[in-house]
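> Sequence and predicted structure below; questions after.
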Amino acid sequence: MKQVLSFKYLFTVLLLSSLVSATNSKVLALGKVDNSVYLVAQAKSGYDQYMQLGYAEAQKRNYQKALSFFKQAQQARSGDTYATRAINNVTDYINRNSPPRLTFNVGSPSRTRAAATRGGCFKAEQSPIPLILSDQKTLQTTAEYPSLFFYVPQIQQAKGLELVIRDDSKFETLQRVSLNPSGKAGIVRVSLTSKTGKSLEPNKQYTWSFSVICSIQNRDNDLSLQGSVKRVLPDTNLTVDLKTAAPQERIEVYVKNKYWEDALRTLGDLRLQNPNDTEVKKYWEELLKPFGLKPEVINAPVL
(Lines give C-alpha, C1' and ligand atoms only; values in the text may rest on other atoms or scores of the structure.)
Protein backbone atom coordinates (compact mmCIF):
# COMPACT_ATOMS: atom_id res chain seq x y z
CA MET A 1 0.00 0.00 0.00
CA LYS A 2 2.82 2.32 0.91
CA GLN A 3 4.52 1.51 -2.40
CA VAL A 4 1.41 2.48 -4.35
CA LEU A 5 1.24 5.79 -2.53
CA SER A 6 4.90 6.53 -3.17
CA PHE A 7 4.41 5.95 -6.90
CA LYS A 8 1.42 8.31 -6.91
CA TYR A 9 3.45 10.94 -5.03
CA LEU A 10 6.36 10.61 -7.46
CA PHE A 11 4.01 10.90 -10.44
CA THR A 12 2.42 14.04 -8.99
CA VAL A 13 5.83 15.64 -8.39
CA LEU A 14 6.97 14.90 -11.93
CA LEU A 15 3.72 16.26 -13.40
CA LEU A 16 3.98 19.47 -11.41
CA SER A 17 7.61 19.87 -12.38
CA SER A 18 6.80 19.58 -16.07
CA LEU A 19 4.00 22.12 -15.73
CA VAL A 20 6.26 24.58 -13.94
CA SER A 21 8.98 24.08 -16.56
CA ALA A 22 6.53 24.67 -19.42
CA THR A 23 5.18 27.77 -17.68
CA ASN A 24 8.68 29.12 -17.15
CA SER A 25 9.48 28.52 -20.83
CA LYS A 26 6.43 30.52 -21.86
CA VAL A 27 7.32 33.31 -19.46
CA LEU A 28 10.86 33.44 -20.83
CA ALA A 29 9.54 33.46 -24.39
CA LEU A 30 7.11 36.23 -23.59
CA GLY A 31 9.91 38.07 -21.85
CA LYS A 32 11.97 37.98 -25.05
CA VAL A 33 9.06 39.32 -27.11
CA ASP A 34 8.34 42.07 -24.61
CA ASN A 35 12.00 43.00 -24.47
CA SER A 36 12.25 43.36 -28.26
CA VAL A 37 9.10 45.47 -28.35
CA TYR A 38 10.51 47.56 -25.54
CA LEU A 39 13.77 48.09 -27.43
CA VAL A 40 11.89 49.20 -30.57
CA ALA A 41 9.71 51.56 -28.53
CA GLN A 42 12.79 52.88 -26.75
CA ALA A 43 14.54 53.56 -30.06
CA LYS A 44 11.46 55.34 -31.39
CA SER A 45 11.14 57.33 -28.20
CA GLY A 46 14.81 58.31 -28.41
CA TYR A 47 14.40 59.50 -32.00
CA ASP A 48 11.33 61.58 -31.15
CA GLN A 49 13.02 63.02 -28.09
CA TYR A 50 16.15 64.05 -30.01
CA MET A 51 14.07 65.62 -32.79
CA GLN A 52 11.97 67.63 -30.33
CA LEU A 53 15.10 68.79 -28.47
CA GLY A 54 16.64 69.78 -31.79
CA TYR A 55 13.56 71.75 -32.82
CA ALA A 56 13.51 73.55 -29.46
CA GLU A 57 17.17 74.60 -29.75
CA ALA A 58 16.77 75.62 -33.40
CA GLN A 59 13.90 77.95 -32.59
CA LYS A 60 16.16 79.65 -30.03
CA ARG A 61 18.88 79.96 -32.68
CA ASN A 62 21.13 77.53 -30.81
CA TYR A 63 21.95 75.81 -34.08
CA GLN A 64 25.09 73.99 -32.87
CA LYS A 65 23.11 72.28 -30.10
CA ALA A 66 20.25 71.60 -32.51
CA LEU A 67 22.69 69.96 -34.95
CA SER A 68 23.97 67.65 -32.22
CA PHE A 69 20.44 66.51 -31.34
CA PHE A 70 19.46 65.96 -34.98
CA LYS A 71 22.58 63.84 -35.55
CA GLN A 72 21.63 61.69 -32.55
CA ALA A 73 18.12 61.34 -33.99
CA GLN A 74 19.67 60.22 -37.28
CA GLN A 75 21.71 57.60 -35.43
CA ALA A 76 18.59 56.36 -33.66
CA ARG A 77 16.80 56.01 -36.99
CA SER A 78 19.29 55.55 -39.78
CA GLY A 79 18.41 57.17 -43.11
CA ASP A 80 15.49 59.15 -41.72
CA THR A 81 14.60 61.89 -44.22
CA TYR A 82 13.31 64.33 -41.58
CA ALA A 83 16.46 64.15 -39.48
CA THR A 84 18.58 64.52 -42.62
CA ARG A 85 16.64 67.58 -43.79
CA ALA A 86 16.87 69.10 -40.32
CA ILE A 87 20.65 68.55 -40.30
CA ASN A 88 21.01 70.21 -43.71
CA ASN A 89 18.88 73.18 -42.64
CA VAL A 90 20.73 74.00 -39.44
CA THR A 91 24.10 73.38 -41.13
CA ASP A 92 23.20 76.08 -43.68
CA TYR A 93 22.31 78.50 -40.88
CA ILE A 94 25.59 77.76 -39.06
CA ASN A 95 27.68 78.33 -42.20
CA ARG A 96 26.11 81.70 -43.04
CA ASN A 97 28.39 84.70 -42.88
CA SER A 98 25.61 87.28 -42.98
CA PRO A 99 21.82 87.51 -42.47
CA PRO A 100 19.73 86.51 -45.51
CA ARG A 101 18.23 89.08 -47.83
CA LEU A 102 14.48 88.89 -48.20
CA THR A 103 14.22 90.74 -51.50
CA PHE A 104 12.22 89.07 -54.24
CA ASN A 105 10.11 90.12 -57.18
CA VAL A 106 6.68 91.17 -55.97
CA GLY A 107 5.80 93.72 -58.63
CA SER A 108 3.80 96.68 -57.38
CA PRO A 109 1.52 96.46 -54.35
CA SER A 110 -2.03 95.30 -54.86
CA ARG A 111 -4.39 98.26 -54.50
CA THR A 112 -7.64 96.78 -55.70
CA ARG A 113 -10.47 98.96 -54.43
CA ALA A 114 -14.13 99.39 -54.99
CA ALA A 115 -15.00 102.88 -56.20
CA ALA A 116 -16.04 105.18 -53.38
CA THR A 117 -19.54 106.49 -53.86
CA ARG A 118 -20.15 110.19 -54.46
CA GLY A 119 -20.45 112.22 -51.34
CA GLY A 120 -17.76 110.17 -49.56
CA CYS A 121 -15.53 112.00 -47.11
CA PHE A 122 -12.23 110.70 -48.49
CA LYS A 123 -9.73 112.10 -50.93
CA ALA A 124 -8.09 109.92 -53.57
CA GLU A 125 -4.69 110.10 -51.86
CA GLN A 126 -6.27 108.83 -48.64
CA SER A 127 -6.87 105.35 -50.00
CA PRO A 128 -5.57 102.57 -47.72
CA ILE A 129 -2.97 100.15 -49.12
CA PRO A 130 -3.20 96.40 -48.47
CA LEU A 131 0.22 94.88 -47.81
CA ILE A 132 -0.36 91.97 -50.13
CA LEU A 133 1.65 90.61 -53.05
CA SER A 134 0.32 91.84 -56.37
CA ASP A 135 1.47 88.70 -58.20
CA GLN A 136 -0.76 86.58 -55.99
CA LYS A 137 -4.38 86.73 -57.02
CA THR A 138 -5.13 84.99 -53.75
CA LEU A 139 -3.32 85.63 -50.47
CA GLN A 140 -1.91 82.32 -49.22
CA THR A 141 -1.62 81.44 -45.54
CA THR A 142 -1.03 78.36 -43.42
CA ALA A 143 -2.99 79.81 -40.49
CA GLU A 144 -6.51 78.99 -39.36
CA TYR A 145 -6.76 82.56 -38.13
CA PRO A 146 -4.49 84.80 -40.24
CA SER A 147 -3.74 88.50 -39.87
CA LEU A 148 -4.15 91.05 -42.65
CA PHE A 149 -2.12 94.26 -42.76
CA PHE A 150 -3.17 97.60 -44.27
CA TYR A 151 -1.49 100.96 -44.41
CA VAL A 152 -4.14 103.51 -43.44
CA PRO A 153 -3.29 107.21 -43.92
CA GLN A 154 -4.50 109.84 -41.48
CA ILE A 155 -8.22 110.25 -42.11
CA GLN A 156 -9.77 112.50 -39.50
CA GLN A 157 -13.29 111.88 -40.77
CA ALA A 158 -13.09 108.09 -40.45
CA LYS A 159 -15.62 106.70 -37.98
CA GLY A 160 -14.46 103.10 -38.02
CA LEU A 161 -12.51 100.31 -39.74
CA GLU A 162 -13.89 96.89 -40.60
CA LEU A 163 -12.59 93.64 -42.06
CA VAL A 164 -15.08 91.06 -43.30
CA ILE A 165 -14.22 87.54 -44.52
CA ARG A 166 -16.97 85.95 -46.60
CA ASP A 167 -17.59 82.37 -47.65
CA ASP A 168 -19.15 83.01 -51.05
CA SER A 169 -19.96 79.33 -51.58
CA LYS A 170 -22.30 79.41 -48.58
CA PHE A 171 -23.31 83.09 -48.81
CA GLU A 172 -22.24 83.63 -45.21
CA THR A 173 -19.90 85.89 -43.26
CA LEU A 174 -17.07 83.88 -41.74
CA GLN A 175 -15.35 86.71 -39.85
CA ARG A 176 -16.17 90.31 -38.98
CA VAL A 177 -13.65 92.49 -37.12
CA SER A 178 -14.39 96.10 -36.22
CA LEU A 179 -11.69 98.56 -35.13
CA ASN A 180 -11.67 102.12 -33.92
CA PRO A 181 -9.43 104.38 -36.02
CA SER A 182 -6.54 105.94 -34.12
CA GLY A 183 -6.62 109.16 -36.11
CA LYS A 184 -2.97 108.63 -37.01
CA ALA A 185 -1.30 107.28 -40.14
CA GLY A 186 0.08 103.78 -39.67
CA ILE A 187 -0.10 100.10 -40.46
CA VAL A 188 -3.23 98.44 -39.13
CA ARG A 189 -3.00 94.77 -38.28
CA VAL A 190 -6.35 93.00 -38.28
CA SER A 191 -6.04 89.62 -36.56
CA LEU A 192 -8.73 86.99 -36.93
CA THR A 193 -9.48 84.92 -33.83
CA SER A 194 -11.98 82.33 -32.64
CA LYS A 195 -13.77 85.20 -30.86
CA THR A 196 -14.39 87.11 -34.10
CA GLY A 197 -15.65 84.19 -36.17
CA LYS A 198 -14.94 80.77 -37.66
CA SER A 199 -11.55 79.49 -38.77
CA LEU A 200 -10.50 79.20 -42.41
CA GLU A 201 -10.95 75.71 -43.83
CA PRO A 202 -7.99 74.22 -45.72
CA ASN A 203 -7.84 74.60 -49.51
CA LYS A 204 -10.85 76.90 -49.66
CA GLN A 205 -10.87 80.42 -51.07
CA TYR A 206 -12.56 83.26 -49.20
CA THR A 207 -13.25 86.90 -50.07
CA TRP A 208 -12.00 89.63 -47.78
CA SER A 209 -13.23 93.21 -47.68
CA PHE A 210 -11.56 96.02 -45.73
CA SER A 211 -13.59 99.18 -45.26
CA VAL A 212 -12.91 102.64 -43.92
CA ILE A 213 -16.28 103.85 -42.62
CA CYS A 214 -17.24 107.46 -43.22
CA SER A 215 -20.73 107.30 -41.74
CA ILE A 216 -22.11 104.62 -39.45
CA GLN A 217 -25.64 105.50 -40.60
CA ASN A 218 -24.83 105.38 -44.32
CA ARG A 219 -22.39 102.58 -45.25
CA ASP A 220 -22.77 103.39 -48.95
CA ASN A 221 -20.03 105.97 -48.47
CA ASP A 222 -17.46 103.41 -47.28
CA LEU A 223 -14.09 103.26 -48.98
CA SER A 224 -13.49 99.54 -49.53
CA LEU A 225 -10.69 97.25 -50.66
CA GLN A 226 -11.31 93.67 -51.72
CA GLY A 227 -9.33 90.53 -52.38
CA SER A 228 -9.22 86.81 -51.63
CA VAL A 229 -7.44 84.61 -49.11
CA LYS A 230 -6.83 80.86 -49.01
CA ARG A 231 -5.49 78.58 -46.30
CA VAL A 232 -3.06 75.95 -47.55
CA LEU A 233 -1.73 73.09 -45.43
CA PRO A 234 2.10 72.91 -45.47
CA ASP A 235 3.69 69.70 -46.76
CA THR A 236 6.07 67.64 -44.60
CA ASN A 237 9.21 69.29 -45.99
CA LEU A 238 7.91 72.79 -45.24
CA THR A 239 6.89 71.65 -41.75
CA VAL A 240 10.45 70.45 -41.03
CA ASP A 241 11.91 73.66 -42.51
CA LEU A 242 9.75 75.77 -40.20
CA LYS A 243 10.51 73.70 -37.11
CA THR A 244 14.26 73.90 -37.71
CA ALA A 245 14.26 77.69 -37.95
CA ALA A 246 14.08 80.54 -35.48
CA PRO A 247 11.45 83.22 -36.26
CA GLN A 248 13.97 85.32 -38.20
CA GLU A 249 14.89 82.44 -40.52
CA ARG A 250 11.30 81.23 -40.58
CA ILE A 251 10.38 84.47 -42.34
CA GLU A 252 12.81 83.54 -45.10
CA VAL A 253 11.19 80.10 -45.43
CA TYR A 254 7.75 81.70 -45.76
CA VAL A 255 8.98 84.19 -48.36
CA LYS A 256 10.65 81.43 -50.38
CA ASN A 257 7.38 79.48 -50.47
CA LYS A 258 5.27 82.63 -51.06
CA TYR A 259 3.33 82.44 -47.82
CA TRP A 260 3.25 86.21 -47.59
CA GLU A 261 0.71 86.44 -44.77
CA ASP A 262 2.77 84.11 -42.57
CA ALA A 263 5.96 86.05 -43.28
CA LEU A 264 4.41 89.42 -42.50
CA ARG A 265 2.57 88.12 -39.42
CA THR A 266 5.73 86.52 -38.00
CA LEU A 267 7.74 89.67 -38.67
CA GLY A 268 4.96 91.81 -37.21
CA ASP A 269 5.17 89.76 -33.99
CA LEU A 270 8.94 90.24 -33.86
CA ARG A 271 8.62 93.95 -34.45
CA LEU A 272 6.08 94.27 -31.66
CA GLN A 273 8.21 92.22 -29.25
CA ASN A 274 11.51 93.89 -30.23
CA PRO A 275 10.71 97.49 -31.26
CA ASN A 276 14.37 98.58 -30.97
CA ASP A 277 15.98 95.53 -32.59
CA THR A 278 17.98 96.75 -35.62
CA GLU A 279 17.95 93.32 -37.27
CA VAL A 280 14.16 93.08 -37.07
CA LYS A 281 13.88 96.62 -38.45
CA LYS A 282 16.12 95.67 -41.37
CA TYR A 283 14.01 92.59 -42.09
CA TRP A 284 10.88 94.76 -42.10
CA GLU A 285 12.41 97.26 -44.53
CA GLU A 286 13.65 94.52 -46.87
CA LEU A 287 10.29 92.80 -46.86
CA LEU A 288 8.34 95.96 -47.75
CA LYS A 289 10.89 97.76 -49.94
CA PRO A 290 10.01 95.86 -53.18
CA PHE A 291 6.50 97.31 -52.95
CA GLY A 292 7.81 100.68 -54.02
CA LEU A 293 6.24 102.23 -50.94
CA LYS A 294 7.35 105.59 -49.58
CA PRO A 295 9.70 105.54 -46.57
CA GLU A 296 7.00 107.02 -44.34
CA VAL A 297 4.81 104.00 -45.14
CA ILE A 298 7.58 101.44 -44.56
CA ASN A 299 8.57 103.09 -41.30
CA ALA A 300 5.02 103.76 -40.16
CA PRO A 301 4.11 102.38 -36.73
CA VAL A 302 2.01 99.24 -36.46
CA LEU A 303 -1.17 100.52 -34.83
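Here it is on my side, so go on.

> From the contact counts, what lies against the helix or strand containing residue 250?
Here residue 250 sits within helix 247-256, counting by DSSP states H and E. Packing partners of helix 247-256 (3 or more CB pairs under 8 Å, 6 or more residues apart in numbering; DSSP states H and E): helix 236-243, helix 260-273, helix 278-288. Using the backbone N, CA and C atoms, a C-beta is placed for each residue, glycine as well.

> Helices of the chain, start to end?
Along the chain, the segments classed as helices by DSSP state H run 2-58, 63-76, 81-95, 236-243, 247-256, 260-273, 278-288, 295-298.

> By neighbour count, which bits of the shortest one are buried? Give me those.
Put plainly, it is helix 295-298. Residues of helix 295-298 classed as buried: 297-298 (neighbour count, 16 or more other CB atoms under 10 Å).

> can you check stretch 203-222 too?
So, applying 16+ other CB under 10 Å, buried residues of stretch 203-222: 205-206, 208-214, 221-222.

> just these now: which is nearest residue 247?
Comparing these against residue 247 with CB to CB places residue 208 closest, at 25.1 Å.

> ok so, going back, quick check: which of the helices and strands packed on helix 247-256 is buried the most?
Ranked by average neighbour count under the criterion mean count of other CB atoms under 10 Å, those are headed by helix 260-273 at a mean of 20.

> I'd like the average pLDDT over that one.
Averaged over helix 260-273, pLDDT sits at 91.

> If you count contacts, what does it end up packed against?
Helices and strands touching helix 260-273, by 3+ CB pairs under 8 Å, 6+ apart, are strand 139-141, strand 147-152, helix 247-256, helix 278-288.

> Residue 54 is nearest to which of the ones you listed?
Judging these by CB to CB, what sits closest to residue 54 is helix 247-256, at 14.4 Å.

> quick one: residue 276 and residue 259, what's the gap?
With distances taken as CB to CB, to the nearest Å, residue 276 is found 27 Å from residue 259.

> Oops, could you answer that again for residue 55 instead?
Distance from residue 55 to residue 259, by CB to CB: 19 Å.

> Dump the helices and strands packed on helix 247-256 to CSV, plus distance to residue 80.
Converted to CSV, the helices and strands packed on helix 247-256 look like this (distance: least, CB to CB, whole Å):
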stretch, distance to residue 80
helix 236-243, 11
helix 260-273, 26
helix 278-288, 32
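
> Could you check the angle the helix holding residue 250 makes with helix 278-288?
If you take axes from the mean of the first three to the mean of the last three CA atoms, to 10 degrees, helix 247-256 sits at 10 degrees to helix 278-288.

> if we can go back for a sec, with mean pLDDT and distance to residue 64 as added columns, please give the helices and strands packed on helix 260-273 in JSON lines.
Below are the helices and strands packed on helix 260-273 laid out as JSON lines (pLDDT from 0 to 100; distance: least, CB to CB, whole Å):
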{"stretch": "strand 139-141", "mean pLDDT": "92", "distance to residue 64": "32"}
{"stretch": "strand 147-152", "mean pLDDT": "92", "distance to residue 64": "33"}
{"stretch": "helix 247-256", "mean pLDDT": "89", "distance to residue 64": "15"}
{"stretch": "helix 278-288", "mean pLDDT": "85", "distance to residue 64": "20"}
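
> Mind putting those into JSON lines with distance to residue 200?
Formatted as JSON lines, those follow (distance: least, CB to CB, whole Å):
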{"stretch": "strand 139-141", "distance to residue 200": "7"}
{"stretch": "strand 147-152", "distance to residue 200": "12"}
{"stretch": "helix 247-256", "distance to residue 200": "17"}
{"stretch": "helix 278-288", "distance to residue 200": "23"}
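
> still on that earlier bit, tell me which of the helices and strands packed on helix 247-256 lies nearest to residue 175.
For the helices and strands packed on helix 247-256, the distance to residue 175 is smallest for helix 260-273, at 14.0 Å, taking CB to CB.

> out of the helices and strands packed on helix 247-256, nearest to residue 196?
Between residue 196 and the helices and strands packed on helix 247-256, the shortest separation by CB to CB is 15.6 Å, and it involves helix 260-273.
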